[in-house]
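# Could you look at this predicted model? Sequence included:
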Amino acid sequence: MTTSNEFTVGSFQGFLDQRKLAGSRCEQCSELSVPPRAICPKCHGTQMALEELSGRGTLAGFTSISIVSTAMAQEGFGREKPYLTGVIELTEGSRIAARLVEMDATKPQEIKIGTSLQAVFQDTEHGGQKRVVLAFGPA
Ligand SMILES: [Zn+2]
C-alpha cells in the first residue's frame, strides 16, 4: 500500500479522472495530506497510506474573482461574471483549495462560512485533452 509512485500530482489526477478524491495519511502521526504526499509535512515520516475521501466538508474561506486568467476568460468568466474559489475543510481533517460551483459569485455576501459542501467532478477539455477537475458545491 505504500509504494511511493502513488503519491504524485499525476496519481491525484488519476483518482480525479475516476471521480474519486484521495489523500495520504501518515502512519506515524495520522496527519492527512490532500493531494497525497510521499513525506508527511508534519513529522516528515515516510510511512504514508493512501486514503479515499468522502468528498464532504465545510467552507473555511473563499474569494470571488473577477480579474481572471486567459484560461478562465475562455470559459466565459470576467468582470461581469466572476467565479469563486474556496478553501474546504474536509470531514477527514485536511484542507484543500478548489473552485466553488452552484453558488452565486455575484453575491458573495450571501455565502456563509461553514456551509456544507460536496465534491463535484467537472469534465473539462483543453486543447483536445479531457480531464476531470475538482470543484465543490453545496451538499
Ligand atoms: Zn506524520
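Happy to help now that I have it.
# Residues of the chain that sit close to the ion?
By Cβ under 5 Å from the ion, the residues of the chain that approach the ion are 26, 28-29, 31, 40, 42-43, 45. C-betas here are computed from N, CA, C, even on glycine.
# Okay, and which of these map to strands?
If you go by DSSP state E, the residues of the chain next to the ion have Cys26 in strands.
# Remind me which helix or strand Glu51 belongs to.
strand 48-53 (DSSP states H and E).
# What strands line up against that strand, and which way round?
With DSSP bridges as the test, strand 48-53 is paired with strand 21-26 (antiparallel).
# residues of the partner strand that come out buried?
Using 16 or more other Cβ atoms under 10 Å as the test for burial, strand 21-26 gives 21-26.
# One more: stretch 26-34?
By neighbour count on 16+ other Cβ under 10 Å, the buried set for stretch 26-34 is 26, 31-34.
# start to end distance for that stretch?
Chord length of stretch 26-34, first to last residue, is 12 Å (Cα to Cα, to the nearest Å).
# any idea how far the residue located most distally from the centre of the chain lies from the ion?
Using Cα atoms, centre = their mean, the residue of the chain lying farthest from its centre is Glu80. It sits 25.1 Å away. Distance, Glu80 to the ion, by Cβ to the ion, to the nearest Å: 46 Å.
# same check, this time on Thr58
The gap separating Thr58 from the ion is 24 Å, by Cβ to the ion.
# can you tell me the helix or strand for that residue?
strand 56-65.
# Just the CA trace of that strand, in CSV.
Output of strand 56-65 as CSV, limited to C-alpha atoms (Å, rounded to 0.1, in the frame of the first residue of the first chain):
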residue,chain,number,x,y,z
ARG,A,56,-17.6,16.1,2.1
GLY,A,57,-16.5,19.2,4.0
THR,A,58,-17.4,22.7,5.0
LEU,A,59,-16.4,26.1,3.6
ALA,A,60,-13.5,27.6,5.5
GLY,A,61,-12.9,30.6,3.3
PHE,A,62,-13.5,31.9,-0.2
THR,A,63,-12.9,34.7,-2.7
SER,A,64,-14.9,35.9,-5.6
ILE,A,65,-12.6,36.5,-8.6
